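Undergrad: this one's structure only:
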DNA sequence: ATTGAATGATACGGACCCGAAACGATCATG
DNA sequence: CATGATCGTTTCGGGTCCGTATCATTCAAT
């Protein structure tokens, strides 16, 4: 069952979720950071800096810096790939999993409240 | 008709939209900026710095700075309220309206593509 | 006119991010 | 072993944003 919504509903949904996040005092992530975070948690591992940079069409330092910031928030963690020590494997954390899960719940709740 | 979706669909939708925005090279707005922008375009005017700060539970400088940035991107504009010259009325722009409209279309498109 | 409240902008030191370039570490190939 | 490619990080100057406090302007009430 594909999800169908009108433009006004789509925009209202995005607004409600964004406002809810701001009011809740959640870390103010940028669109880039959200894209990286959700890709790590939704797409199958392994995730590497280069892979994420390629997927998002950004430079590697962009990924490195985003991982620095989100790592400080304990939303993701990094670990050397022992098979090929040039690689860094990006891993999920308990905190990050809870964050993503809660975020999904907010989206669902706001979607359910949308006016017809 | 309320929109119903499962957690995996909600998160996947957010990821698809965020990744699409990043790949498209859109200005990398923060969650705060998006909340402000959509509130200006979806909620009925007039919009003031104080009103937005109150609505989002943030300080006035946060709103002022976000308006500076989004004003430089021509997404919003400011104008003195001639009735009460202490107020600044935040106004929509053609560029901003197109940006918001296009964003809504992206959300709809990604929602329609969601797997069952 | 004078005082006080209200509004939005600004100053401050500190932190983060940008794109481009260079870097060290590691691997694969000869 | 060398050599070159690959991977992630770091550096650089410049910009943006943070929270807190203060500011100038304007209005309202004495």
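TA: Noted; the coordinates are in hand. For clarity, every value in this text was computed on a predicted model and none was experimentally measured.

Undergrad: so which residues on chain A come close to DNA strand D?
TA: Contact residues (CB under 7 Å from any atom of the strand) of chain A with DNA strand D: A:28, A:48-51, A:60-61, A:63-65, A:67-68, A:78, A:86-88. Using the backbone N, CA and C atoms, a C-beta is placed for each residue, glycine as well.

Undergrad: between those, which is closest to chain B?
TA: Nearest to chain B among these is residue A:28, at 5.0 Å by CB to the nearest CB.

Undergrad: the strand or helix carrying residue A:70: which residues count as buried?
TA: In the assignment (DSSP states H and E), residue A:70 maps to helix A:60-72. For helix A:60-72, the neighbour count (16 or more other CB atoms under 10 Å in any protein chain shown) marks A:62-63, A:66-67, A:69-70 as buried.

Undergrad: list the helices and strands that helix packs on?
TA: helix A:31-42, helix A:49-56, strand A:76-80 (3 or more CB pairs under 8 Å, 6 or more residues apart in numbering or on different chains; DSSP states H and E).

Undergrad: does it reach DNA strand C?
TA: Yes. Using CB under 7 Å from any atom of the strand, we find that helix A:60-72 touches DNA strand C at A:60-62, A:65-66, A:68-69, A:72.

Undergrad: residue B:35 is nearest to which of the helices and strands packed on helix A:60-72?
TA: Among those, the nearest to residue B:35 by CB to CB is helix A:31-42 (12.3 Å).

Undergrad: how about the residues of chain A by DNA strand C?
TA: Those residues of chain A that sit near DNA strand C, judged by CB under 7 Å from any atom of the strand, are A:30, A:32-33, A:58-62, A:65-66, A:68-69, A:72, A:84-86.

Undergrad: I'd like to know which of the residues you listed is nearest to residue B:22.
TA: The closest of the residues of chain A next to DNA strand C, once distances to residue B:22 are taken by CB to CB, is residue A:32, at 5.4 Å.

Undergrad: looks like the closest one contacts residue A:66 (just checking).
TA: Yes. Taking CB atoms under 8 Å as the definition, residue A:32 is a contact partner of residue A:66 at 6.2 Å.

Undergrad: rewinding a little: and the helices and strands packed on helix A:60-72 as CSV, adding mean neighbour count?
TA: Shown next, in CSV, are those (neighbours: other CB atoms under 10 Å in any protein chain shown):
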stretch, mean neighbour count
helix A:31-42, 23
helix A:49-56, 17
strand A:76-80, 14
